[in-house]
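Asker: Sharing a model that was predicted from the sequence below.
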Amino acid sequence: MKTNKIIYIIIAGLFFLFAGCKDFLDITPNDRITEENFYQNESDFKAATSPLYNKVWFDFNDKFYYALGDGRAYNLYAPYSDYIYPFSDLSETGLTGPLVLAWQAFYNVIQQSNKVIIGINGSSVSNEIKNPYIAEARYIRGVAYWYLASLWGDVIISENPDLLVSNPIVNTNPRKDVFEFAIRDLEYAAKYLSETSGQNGRLTKYSAYGMLSRLYLSISGLSDNPNKGTRDEVYLNLAKQAAEFVITKSNFKLMANYADLFTIENNNNSESLFALQWVPNGDYGVTNTQQAYFACGSEITGDDAAWGYWTRAAYDILLQYESRDIRRKATWMGWGDFYPEISKSTGGFTYEKTREACNVKKGVVGSKGDNAAISRMNSSLNTYMMRLAEVYLIYAEATLGNGTSTSDAQALKYFNAIRIRAGLDAKTSITFEDIRQERRLELCMEGQYWYDLVRWSYYKQQEVINYITAQDRGTITPILYEGVSNKVSVDPSRDPSTRSIGNIDETIFILPYPESELVQNPLLKEAPVPFQFSEDRITDLFQ
C-alpha cells in the first residue's frame, strides 16, 4: 500500500521532525537522536509526543477539517473551490485531493502514535512515568480511528507500522471493530492521563473522558439496521457518565464570551479539552493555514494570502440563526459587522465586502500588525478538536436518549448554558431537533456537523437522507443579508442558479477509498476481517 510506505518513511525520520516543532510546548529536543539512544527519560517522552499535536495533523487541518466537516454538511459553500465544492455537492471521488491527503494524514497520525507507544513501552523507565505518555499517544491514535470509522467505515487497524510495511496488502477491519479499538484507546487514556497537564495545551484525563462521551454517543446508534430508530441504552448511559465526569469533576468551564474562544490570546482556554497546537511563525507543516483560505481580503491579513471571498456561508445555515444569536457574527461576517481585533492600527475592521453573502469569520484573526504570532499562511490559532460546550450538549443528548423530549433539570442546565451565552432564551423542554440545531450553530466551522449527521444516520438513515435532500444544495439562492438582525432574505433582483449534485442516498455516508490505495491494496475491496483484540476493556472508569 503506497500510503503506508510513505508513512513508514516519514516515521523513520520522526526524530528529525522535532527541530521543526521545537517551539511547541517549550520542548527543545536534540535533532541528532536515534531510536537507539532515545526514550531514555521523561524529557524524551515529552519530545516524542510533541509532534502528535500538530505536524502529523497538518494535511487534515489544512483543508479537510472544514471542507468535509462543514462543507459536506452544507454549512459552508464555495462554488469555485475545488477542495470544498466536491464535498458540498456530494460528488467527491477517490481522486479528490483533500480526501486523499486526509486518509494519509490519519494513518500518519496512527503510525507516528504507534512508534511512540512502542518506543516508550520498550523503555526501562518505570510504568508510573511511562503510562501517561503512552496514554497521550493512544488518545491521539483513538481520535484518528474515530475519524476513519466515521468517514470510511471499514479500515485497517494497525498497532505496528513495521508489520504493515512488510505486508501492505491486508484486509480491512469492520467499522464496529474500529470504533471498539478507538474506544479502548480512549479508555486507556482516561485511566492513565493525569488530571492536570504538565504543559499548556497537553491532554488531561478530562480530555479523554470528554472524547469518550463523543465516541460512546456515536456507537450507541450503530447496528445492522440503519433505520431501527433507537440507540443502545448502555452506550447512551456511558456517554452521559463520561460527560458528567468532565462537567462535575474537572476545572474546565465555559468562556463567558463566545467570540473570545476564537482569538489567539485565548488559545488553550478554560473550555479547550483538546486542540491542535500550531507554532507561531513556525515552518510550513506546523502552522495553521486556514486563515489564508477564509479571509475575504488582504486588508485583513496584510499580505496576499487571503483567498476566501468566495468561501461563504450556505443559505441553509444562515436560515438557522435566531435574530439575537451572537454566534453568527463570531462565525460569519455579515454586512456592517465590526471587529475591533482586526486592523487594530486603523481602529478596527468593518465588513463591507458584499450584502449578498457572509464570509468566514471563525478562524480569521487579522494580520501580524494585530498579533505578532501571525504570519503569512499561519494564524497560529489552535484548531479545536473538542471543547466543553460539546460535552454539555452530549450530556443533554445522552439524557434525552430515545425519548421524544426531556425536561431533566441537569440536561436543561447544560443545554441552556450554551443558549444563554449565545444571547438566546432558555428552554423548558428540549427535543432531539433542539439539540441537533444547537450543536450545528455552536460548533459551526469547527469541522463537526457532518459527523453529527453520520451519527444520526446510524439509526435513522432515511430521516437523514430526507433532511439532506431538503437542504436543496442544487439551487444557489441569491440572498441579501442584514447583519444587525441576522436576517437573510431572497434577493428578487437576481435569478437563482443550479448546480449538479451527487445522488443523495445511503451511499453518501461512506467516503470512497483513495484510488491510489485501491491500486496498491486490492484487499480494500474485499469483505472486512474481524480484528483480534489483545487486551480487555477497562471497566472501572466510573467507580
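Answerer: Yep, that arrived.
Asker: quick one: Gln437 from Ser150, how far?
Answerer: Going from Gln437 to Ser150 by C-beta to C-beta, to the nearest Å gives 21 Å. Every residue, glycine included, has its C-beta placed from N, CA and C.
Asker: these two touch, right, Gln188 and Arg138?
Answerer: In this structure residue 188 is Tyr, not Gln. Yes: assessed by C-beta atoms under 8 Å, Tyr188 is found in contact with Arg138 at 5.1 Å.
Asker: Give me the more crowded residue out of those two.
Answerer: Between Tyr188 and Arg138, Arg138 has the larger neighbour count (other C-beta atoms under 10 Å), namely 25 against 20.
Asker: Dihedrals phi and psi, the more buried one?
Answerer: Main-chain dihedrals, Arg138, degrees, to the nearest 10: phi -70, psi -30.
Asker: Can we start the residue count at 784 from this point?
Answerer: Noted, 784 is the first residue going forward, which turns the last one into Arg921.
Asker: all strands for the stretch 934-1083 of the chain, in order.
Answerer: 1055-1059 (DSSP state E, counting those that start in this stretch).
Asker: before we move on, the earlier item: quick one: common contacting residues for Tyr971 and Arg921?
Answerer: When C-beta atoms under 8 Å, 6 or more residues apart in numbering defines a contact, no residue borders Tyr971 and Arg921 alike.
Asker: Now Ile1293. Nearest residue, chain neighbours left out?
Answerer: Gly936 (4.9 Å; C-beta to C-beta, 6 or more residues apart in numbering).
Asker: Tyr836 now?
Answerer: Gln1060 (4.4 Å).
Asker: pLDDT score for the one you found?
Answerer: At Gln1060, the predicted lDDT confidence score is 98.
Asker: For it, give its distance to Gly1091.
Answerer: On the measure of C-beta to C-beta, Gln1060 and Gly1091 end up 23 Å apart.
Asker: and what of Ala1113?
Answerer: For Ala1113, the distance to Gly1091 - C-beta to C-beta - is 16 Å.
Asker: So between the two, which is more surrounded?
Answerer: For Ala1113 versus Gly1091, neighbours defined as other C-beta under 10 Å are more numerous around Gly1091 (25 against 21).
Asker: The more buried one contacts Ala1140, correct?
Answerer: No: when contacts are counted by C-beta under 8 Å, Gly1091 is not listed as touching Ala1140 (11.0 Å).
Asker: Give the buried residues for stretch 1296-1309.
Answerer: Tyr1296, Pro1297, Ser1299, Glu1300, Gln1303, Asn1304, Leu1306, Leu1307 (16 or more other C-beta atoms under 10 Å).
Asker: is it true that the last one lies in a helix?
Answerer: So the one you mean is Leu1307. Yes: counting by DSSP: H, G, I helix; E, B strand; the rest coil, Leu1307 is located in a helix.
Asker: Which residue is the nearest non-sequential neighbour of Glu1180?
Answerer: Counting by C-beta to C-beta, 6+ apart, the residue nearest Glu1180 is Ile1218, at 4.9 Å.
Asker: then the helix or strand encompassing that neighbour to CSV, C-alphas only?
Answerer: Using DSSP states H and E, Ile1218 maps to helix 1215-1225. What follows is helix 1215-1225, C-alpha atoms only, in CSV (Å, rounded to 0.1, in the frame of the first residue of the first chain):
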residue,chain,number,x,y,z
PHE,A,1215,-33.5,15.9,19.5
GLU,A,1216,-34.1,18.7,17.0
ASP,A,1217,-33.3,21.3,19.6
ILE,A,1218,-30.0,19.6,20.4
ARG,A,1219,-29.1,19.0,16.8
GLN,A,1220,-29.8,22.6,15.9
GLU,A,1221,-27.8,23.9,18.9
ARG,A,1222,-24.8,21.7,18.0
ARG,A,1223,-24.9,22.9,14.4
LEU,A,1224,-24.7,26.6,15.4
GLU,A,1225,-22.5,26.3,18.4
